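> This is the structure alone, sequence omitted:
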DNA sequence: CTCAATGCAAATCTTTTGCATGCTA
DNA sequence: TAGCATGCAAAAGATTTGCATTGAG
């Protein structure tokens, strides 16, 4: 999609329309960063990156925007155990696939993997169904995460 | 096991011997609380409870002791997404079974469940094996957690 | 007797909030 | 133009650290 000056209009512009939230420079810049970056950015990572595009932005706005984006389900919020939240674009957006994370407890490196997720999905669906029945608990999302040592860190221990 | 005054000696006394850590009043009191309480206590919960047994204790000591206990693998540390760590005695200790948690995102209630864990274990073992091979990643532990709404909160929404 | 363990106060660090001002729709 | 959005400064809240003192082994 293109606007009248010939620039491509980012996909998220549409998602802001009619959702009750306004699309501001700050939000546009933040989504730009998120959609270009690889992943697992902390609020500060995002702040620093956005700062280059839009220097007037404050860290507060980054936090507030991320909260909205999580609410809109455009962004996932993760916690890898280092007391700082990480954000990445949700699945289905920009062709992201369902994946999970391996977190190295030594160096903090994070490896995304997409293997085995089908089998996992199957199991999780079963489990969720069973848990909903047994506990009358309405499951909205889940976390699966593996911790350990990456190849480099195994050598250095 | 009993000492010479006829009091039962807590099981953890043995585990402190020869591990390089000293068994102090504070640590004894903290383990008392952990082994009597149900579960998912925050550092402050523990601090308040220990304070009744051993009023001189400081919150700092609670944190430092918990860190040791996690290191000794006597205690698990959890994060249920509310930015405060939770602690509970490790499995295998005091007959605790392998279990996972359902976390209500509305009221914070936590439900332990032991159902489906066999199937989960099977899948996780497979996954871990596969991931170790593929990424040369040595997995040491994992997190599985479900979030959603408990029965009460579903009614009130 | 020695050095690990402790308590207190202060520091850290991430995230949140209050409030006056700016900007989108 | 109306209100949502923003930036700044300050607050909040959990956890950690420095340091002098205490106590376990």
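On my side now, so go ahead. Given the structure is predicted, the values throughout are model-derived calculations rather than measurements.
> Tell me the residues of chain A that contact DNA strand C?
By CB under 7 Å from any atom of the strand, the residues of chain A that approach DNA strand C are A:16, A:22-25, A:42-44, A:59-60, A:63-64, A:67, A:83-85. Placement of C-beta: from N, CA and C, glycine included.
> Mind listing what's buried along stretch A:118-132?
Under the neighbour-count criterion of 16 or more other CB atoms under 10 Å in any protein chain shown, stretch A:118-132 has A:120, A:123, A:124, A:127, A:128, A:131 buried.
> what residues are up against residue A:123?
Going by CB atoms under 8 Å, 6 or more residues apart in numbering or on different chains, residue A:123 touches B:119, B:120, B:123.
> Name the helix or strand for it, please.
According to DSSP states H and E, residue A:123 maps onto helix A:117-135.
> and that helix, how far from the chain's centre?
Computed by CA atoms, centre = their mean, to the nearest Å, the separation of helix A:117-135 from the middle of its chain amounts to 23 Å.
> Give me the mean pLDDT for that helix.
Averaging pLDDT along helix A:117-135 yields 88.
> Now residue A:98: which helix or strand?
Counting by DSSP H and E, there is no helix or strand that carries residue A:98.
> Now for the residue nearest the centre of chain A: which residues touch it?
For chain A, the residue nearest the mean C-alpha position is residue A:88 (2.1 Å; CA atoms, centre = their mean). Residues in contact with residue A:88 (CB under 8 Å, 6+ apart) are A:34, A:39, A:40, A:41, A:75, A:76, A:78, A:96.
> Residue A:78 versus the nearest residue to it once chain neighbours are set aside, what's the distance?
The spatial neighbour of residue A:88 that comes closest, neighbours along the chain excluded (CB to CB, 6 or more residues apart in numbering or on different chains), is residue A:39 at 4.3 Å. Residue A:39 is 9 Å from residue A:78, where distance means CB to CB, to the nearest Å.
> picking that back up, go through the residues of chain A next to DNA strand C and flag which are in strands.
A:42, A:85 (DSSP state E).
> Out of the residues of chain A next to DNA strand C, name the ones that lie in helices.
A:16, A:25, A:43, A:44, A:59, A:60, A:63, A:64, A:67 (DSSP state H).
> Could I get the contacting residues of the closest residue to the second one other than its chain neighbours?
Meaning residue A:25. Closest residue to residue A:25 apart from its sequence neighbours, by CB to CB, 6+ apart: residue A:54 at 5.8 Å. Applying CB under 8 Å, 6+ apart, we find residue A:54 in contact with A:25, A:26, A:29.
> Between the buried residues of stretch A:118-132, which sits nearest DNA strand D?
Nearest to DNA strand D, judged by CB to the nearest atom of the strand, of these is residue A:131 at 26.6 Å.
> wait, what's in contact with that closest one?
A:137, A:139, B:102, B:113, B:115, B:116, B:146.
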